[in-house]
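S.K.: Have a look at this fold, sequence not included:
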């Protein structure tokens, strides 16, 4: 470096913690991006009800069917009467919440409006993740489970599961009524796409023309996020986990299968802590979830190992 020339760069052997011209310069950082949050559609795929203030419990009630009508004989009294049956699933919403405590110094240096808006988004995403995971936990409770550990998901499973849901599997509730929805790990969806396009990645396995028609549309547009297969609307559930065996548990169901009860909208709180020179910001919400009609849903348990 020429004598008498001062540069902004750190010189050889100079670390960020030592005296350097960079410490005298203003720092400009672009607006920080909020971390990308996986899709959490699960709470919207079930039967959602609102519980008014002043109530502590919600009952999902379903009247059971009576036995079929009898053939009558002229002059003979129909003496046997039918009972009314009612099945109830009780849900008691509980509180869920999260807090964050930014200091006043952080707000001064980052801008109060900027930092509070960001915190609000992050708190909201956190609440949504918890609600989605509470619903996802119910998928494992379905008695009917299709595919199986280590098994690649295919279109035959969809076709058969739709048939299962529309079969009269229970005296009380009867067949499930479409439309049906599916919440799956993205690698499970990837396997379905592979099967629909007849192994386009492995030409020897092709049984369809992947250059035209439905298969071509799938290849060109994957993933549109809300595609349908056998009338089932498929959702990418980004919070469905992959277990130690590289399998995931999603679900294919009617909305009547599961119930979610909200008691209030999300409540934001803000409390100053003057001695700490900070503000405690919180977000809280009351909800509860339950399996309502087990036979109206099925767990989709299949391999979800990373493709690449």
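M.R.: Right, received. Where do you want to start? Here the structure is a predicted model, which means the values were calculated and not measured.
S.K.: Buried residues, the longest strand belonging to the chain. List them.
M.R.: The residue-count maximum for a strand in the chain (DSSP state E) belongs to strand 278-291. With burial defined by 16 or more other CB atoms under 10 Å, the residues of strand 278-291 counted as buried are 278-279, 281, 283-291. Placement of C-beta: from N, CA and C, glycine included.
S.K.: can you tell me which of those lies nearest to residue 96?
M.R.: Nearest to residue 96 among the buried residues of strand 278-291: residue 285, at 5.7 Å, using CB to CB.
S.K.: Which residue, neighbours along the chain excluded, lies closest to the closest one?
M.R.: Leaving aside its sequence neighbours, residue 285 sits nearest to residue 266 (CB to CB, 6 or more residues apart in numbering; 4.5 Å).
S.K.: circling back to that earlier point, any idea of the mean pLDDT in the longest strand of the chain?
M.R.: What strand 278-291 shows for mean pLDDT is 94.
S.K.: Point out the other helices and strands that it packs with.
M.R.: The helices and strands touching strand 278-291, judged by 3 or more CB pairs under 8 Å, 6 or more residues apart in numbering; DSSP states H and E, are strand 86-91, strand 94-100, helix 104-110, helix 112-139, strand 258-262, strand 267-273.
S.K.: now, which of the buried residues of strand 278-291 sits nearest residue 167?
M.R.: Nearest to residue 167 among these, counting by CB to CB, is residue 291 at 18.5 Å.
S.K.: gap between the two ends of stretch 52-63?
M.R.: Across stretch 52-63, the terminal residues are separated by 23 Å (CA to CA, to the nearest Å).
S.K.: what comes up buried for it?
M.R.: 58, 60, 62.
S.K.: ok, now stretch 122-138?
M.R.: Residues of stretch 122-138 classed as buried: 123-136, 138 (neighbour count, 16+ other CB under 10 Å).
S.K.: what's the following helix or strand after the lowest-mean-pLDDT helix or strand in the chain?
M.R.: Lowest mean confidence among the helices and strands of the chain (mean pLDDT, DSSP states H and E): helix 213-221, at a mean of 62. Later in the chain than helix 213-221, the nearest helix or strand by DSSP states H and E is strand 228-229.
S.K.: what does the helix or strand just after that following strand rub up against?
M.R.: Using DSSP H and E, the helix or strand that follows strand 228-229 in sequence is strand 232-236. Residues from elsewhere that reach strand 232-236, judged by CB atoms under 8 Å, 6 or more residues apart in numbering: 38-39, 41-42, 45, 158, 162, 179-184, 186, 189, 192, 223, 225-228, 252.
S.K.: In strand 232-236, which residues are buried?
M.R.: Neighbour-count burial for strand 232-236, with 16+ other CB under 10 Å as criterion, is recorded at 232, 234-236.
S.K.: partner strands of that strand, parallel or antiparallel?
M.R.: strand 180-184 (parallel), strand 228-229 (antiparallel) (DSSP bridges).
S.K.: Give me the angle between the helix or strand where residue 188 lies and strand 232-236.
M.R.: Element membership for residue 188 (DSSP H and E) is helix 186-196. Here the directions of helix 186-196 and strand 232-236 differ by 140 degrees (axes from the mean of the first three to the mean of the last three CA atoms, to 10 degrees).
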